[in-house]
Every structure is written in C-alpha cells, then in structure tokens.
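1. Here is my input, please return the structure:
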Amino acid sequence: MGIDAVPWAARKAAGTEPDREPEVLVVGAGPVGLFAALLLARRGVRVLIVDQERRPAARSYALLLHPGSLRLLDAAGLAADAIERGHPLDHVSFYEGAERHAEVDLGALAPPFAGATVLPQQALEGLLESRFERDGGRVLWRYRLAELHLGGGAAVAVVERLARESGAVEESWMIRPGVVIGTDGHHSAVRHALHASYVEMSPPEIYAVFEISADAPPSRELRIALDAQGASMLVPLGGNRFRWSFQIDETQWEGLIEPRFKRRVFDSIGDDPFPYLARERLEKLIAHRAPWFTASIGEIVWSMAVRFEHRLTGRFGHENAWLAGDAAHLASPIGGHSMNVGLREAADLAHHLGRVFREHQPLHTLAGYETARRIEWRQLLGARGHPCPAAAAPAWVRHRAARISSCLPASGDDLDALLRQIGLALPPA
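-> Here you go, the predicted model:
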C-alpha cells in the first residue's frame, strides 16, 4: 500500500506527514529553533519544527553557555542536565604576549548561575531534542522549506521531504501556519521571504581551530589573548582536553579555508587534522601568540579553519514571520553571543506567541521584539559605540575596550556588570 493510500491522520501520527496547519512553524533545528519549539509546546501552542539536515550537529564551533542562558535553561528545567554534561567556567583572563593584563570574575554575577558552562553545541542540541520528544514533540529531519509566501496576514509554506541518502525530493506539502519562526542560519529562507537585508557590519574573521589534549592541569578559566594579529582563545573542556582558536590573516590562508556554513555531519570524529592545520601550525601559533601556554600537546582530536562574519538583518520580522539566532545576526565567535542571545530571542518569541495563540493578543504586539533586538545587536556589534572607560581603568584595558566587550561570555546586564569589574561601561542604549 503506497503512502497516498494511508489515511492522513495515521501518516501524521507515524511522523510521515507534517501538521498542515500548525500554529507555529519553526524552520531550523539548531539550539535556538529547538528551544523555541520546546517552549512553545509547553505553552500549549501547536508547533511543527523542520530541518533539512539528517540529524543534529556532529561537531560545531559553538560551546559556551552564558550565565543568562543557564537561567533560561533552568526556567525550562534543563540547567541541571546542561551543567552535568558540561564544564564550569568562573573566570576570564586577558593576555597580550607573555603578560596577563586583566581578569573578570564570572562568579561575582548575581546568582543563580553566575558562572558560564562549556557545552558543545551538539550536546546542547541533543539535550533539547530529547526533552522536546519527552514532552511529545518531534523534529522532522530531512524536511526542507522550499517556498514561503507572506502577505495579507497569512503565511503559506511548501515543505519537502528529502531522501535520506540522495537528497532528492520524495514528497511535498503545502502548510498554512499562523506564524513562521526562522532559525535556519545565515542562508535563511525565512529571511529571504521577508525580503530582509543581511548587512555586513565589519569585515569577516578567520579562525584556526584545534581541539587537543595537553598535560595542563584542569582549569575553570577562559583565557583570551589580544594582540596585533587578532584574538586567540583557550577554552578548557574538562580533564586534559582544550580548544584553541586563533584569529588568522585571510591573505595567508586563501584557498585553505573551510566554508563558513557549519557542516552538521563529519566523516568521523577521529579524522586526522587537515594537513594545513597540523601540529606544526599549532605549535607556531602558540609560540607567537600565547607564549604563556607551556603545556605539552598530546593528541590533536580535530582541526579546521572557519570564516565568521559579522552581520545584522535589516528586520527581525513582521506579522507572520520572525527571525532568531544566526538567521538574524552573526558575531565574533569568541564571546559566543550569536547562539546565546539567540536562545533569549527564542524565549522572547515563545512568550509573545504564547500570548498571541492562547490569550488572543494581536500579532502587532511583537513589534517590541523587533525594537529590542535591533537595539541590542547594534550595541553588541559596535554600531552604537564602544564601552566607555572610567578614569581608573588600566591603560591596557582602555586601549582595548571595544575588543574586550565582544569577547566576554555575557550580554545585557551581565555584560555591563562584567565590564564594570575592569573599569568599563556599556554606552547608553
């Protein structure tokens, strides 16, 4: 019996047919999309989430959870699991050359969850998907948003199911959601349907990334080096595992750069490092950029070079379609702002849309979401000025105020509080 002969209700229950009229369609099942879907479902909103990939990320760059993100996860009953699976951070230190110039105490933030947690994106996605499924939801993997038409107070989407191996279209459906949330990354189809710009706010950055083992002692300190060549970051992953990220000169690495889009499926976790990012490269980078790191390097688990852009959408949404996460903005990878602020955007959208669908609030109440997001991101990306140093701020901090703020794993009031520890303050909103 072919699929068309199976009653629609049975196909939907079996997960072979999407809901044709969900209240909210979420496009993109990364951390931001999964969090939005989970929170919407818990508010009693009928939500459908689709992603054209085969499964969650196998390996990714993002791994810092800000204190504010832990508070959001705690409200959803997920913080304890995230902390158990992750590695705690309670300090951020800044270096140049061999000298340590500044330190920020994450533990001084207002409790609970004053510190940050290192949790790779794929682990966070697995946690969110597992909890979403436990609550009765299901991610439709290998389902692609092929078309989205907006206007007249309605949204009409064409969703295609893709073959697991070939990627060919097996079936398509027309779906009429009340609202679409685009969390579908920097190539966002939802943003395209909104005819929203995606403006480059500053030149892209290239990072050489190495995940390694080393004989250094376990640490709860995030270390950041700022010099004329750019930013470098050492993240402890727990035990004797670390991740190094070095900003590098694109002109020296042209033709050797991994594309900006983050592949979700790698051939295997144990692949040898790319030859242009092998041990010799890492040792030279450490010697020139972080001479204070004297530990012996063991295994290079993986390495790659990644391009990171700094972009901001011209609009976060309108009536029936809204953006969150990388679909709306890209930022420096050092501070982890794009994913973490994206989680807050997911929570904001879920809150507003819960009121729209369960308390019959009008959609135009989401205009406040647009305004707040644009103000925050223009500040985070430096378009509204840089942090202001106090008279007592050390000279090294004063001269690097703009770079420091983009590196700290916090946003909003938390970011302002951390900056004040070293004599800086965010500019007025």
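2. Contacts for stretch 167-177 next, please.
-> When contacts are defined by CB atoms under 8 Å, 6 or more residues apart in numbering, stretch 167-177 is touched by residues 3, 17-25, 48, 146, 154-163, 320. All C-beta atoms are positioned from the backbone trio N, CA, C, and that covers glycine.
3. Neighbours of Phe210, how many?
-> For Phe210, the count of nearby residues is 23 (other CB atoms under 10 Å).
4. Any idea what it is bridged to?
-> Beta bridges link Phe210 to Trp244, Ser303 when assigned by DSSP bridges.
5. What about the contacts of stretch 167-177, which are in strands?
-> 24-25, 48, 146, 154-162 (DSSP state E).
6. least trustworthy position among these, going by pLDDT?
-> On pLDDT alone, Ala154 ranks lowest of the ones in strands among the contacts of stretch 167-177, at 85.
7. That one and Ala196, how far apart?
-> For Ala154, the distance to Ala196 equals 19 Å [CB to CB, to the nearest Å].
8. And for Gly153?
-> Counting by CB to CB, the gap from Gly153 to Ala196 is 19 Å.
9. So those two - more neighbours on which side?
-> Using other CB under 10 Å as the criterion, Gly153 and Ala196 rank with Ala196 on top: 21 against 8.
10. Do you know the pLDDT at the more buried one?
-> pLDDT, Ala196: 96.
11. contacting residues around it?
-> 313-315, 323.
12. Out of those residues, who's the most crowded?
-> Busiest of the contacts of Ala196 [other CB under 10 Å] is Leu323, holding 31 neighbours.
13. how about the nearest residue to that residue, chain neighbours excluded?
-> Gly182 (4.8 Å; CB to CB, 6 or more residues apart in numbering).
14. isn't that neighbour right up against Ala189?
-> Yes: here Gly182 reaches Ala189: they are 7.2 Å apart, a contact under CB atoms under 8 Å.
15. anything in contact with each of these two?
-> With CB under 8 Å, 6+ apart as the test, Gly182 and Ala189 both reach Val27.
16. For those two, work out which one has more neighbours and name it.
-> Taking neighbours as other CB under 10 Å, Gly182 and Ala189 compare with Gly182 leading, 32 against 21.
17. For Tyr95, see how far away that one is.
-> The gap separating Gly182 from Tyr95 is 39 Å, by CB to CB.
18. With His195 instead?
-> Counting by CB to CB, the gap from His195 to Tyr95 is 44 Å.
19. more neighbours, the two?
-> Tyr95 (21 against 10).
20. Have a look at this structure and report the helix or strand with the lowest mean pLDDT.
-> When the helices and strands of the chain are scored by mean pLDDT, DSSP states H and E, helix 8-13 comes last with a mean of 47.
21. Buried residues, the longest helix along the chain. List them.
-> The longest helix of the chain (DSSP state H) is helix 337-358. Using 16 or more other CB atoms under 10 Å as the test for burial, helix 337-358 gives 337-350, 352-354, 356-357.
22. ditto for stretch 389-400
-> 389, 393, 397-398, 400.
23. Using CSV, write out every CA atom in it.
-> The C-alpha trace of stretch 389-400 is given here as CSV (Å, rounded to 0.1, in the frame of the first residue of the first chain):
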residue,chain,number,x,y,z
PRO,A,389,36.5,53.5,30.2
ALA,A,390,36.4,55.0,33.7
ALA,A,391,39.3,57.2,34.8
ALA,A,392,40.6,54.3,37.0
ALA,A,393,40.6,51.7,34.2
PRO,A,394,44.1,50.3,33.5
ALA,A,395,45.7,51.7,30.3
TRP,A,396,45.8,48.3,28.6
VAL,A,397,42.0,47.9,29.2
ARG,A,398,41.2,51.5,28.0
HIS,A,399,43.1,50.9,24.7
ARG,A,400,41.3,47.6,24.1
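24. Relative to the whole chain's centre, how far out is it?
-> Distance of stretch 389-400 from the chain centroid (CA atoms, centre = their mean, to the nearest Å) equals 30 Å.
25. Run through the stretch 101-250 of the chain and note the low-pLDDT ranges.
-> Low-confidence segments of the stretch 101-250 of the chain (pLDDT under 70): 250.
26. What segments of it are strands?
-> Using DSSP state E, counting those that start in this stretch, the strands assigned to the stretch 101-250 of the chain run over residues 116-118, 139-141, 143-151, 154-162, 169-175, 179-182, 198-214, 221-227, 230-238, 241-248.
27. quick one: buried residues of the fifth one?
-> So that's strand 169-175. Ile175.
28. Which strands border that strand, and is each parallel or antiparallel?
-> Short version: by DSSP bridges, strand 169-175 pairs with strand 154-162 (antiparallel).
29. Mind listing what's buried along the partner strand?
-> For strand 154-162, a neighbour-count test (16+ other CB under 10 Å) marks 155-157, 159-162 as buried.
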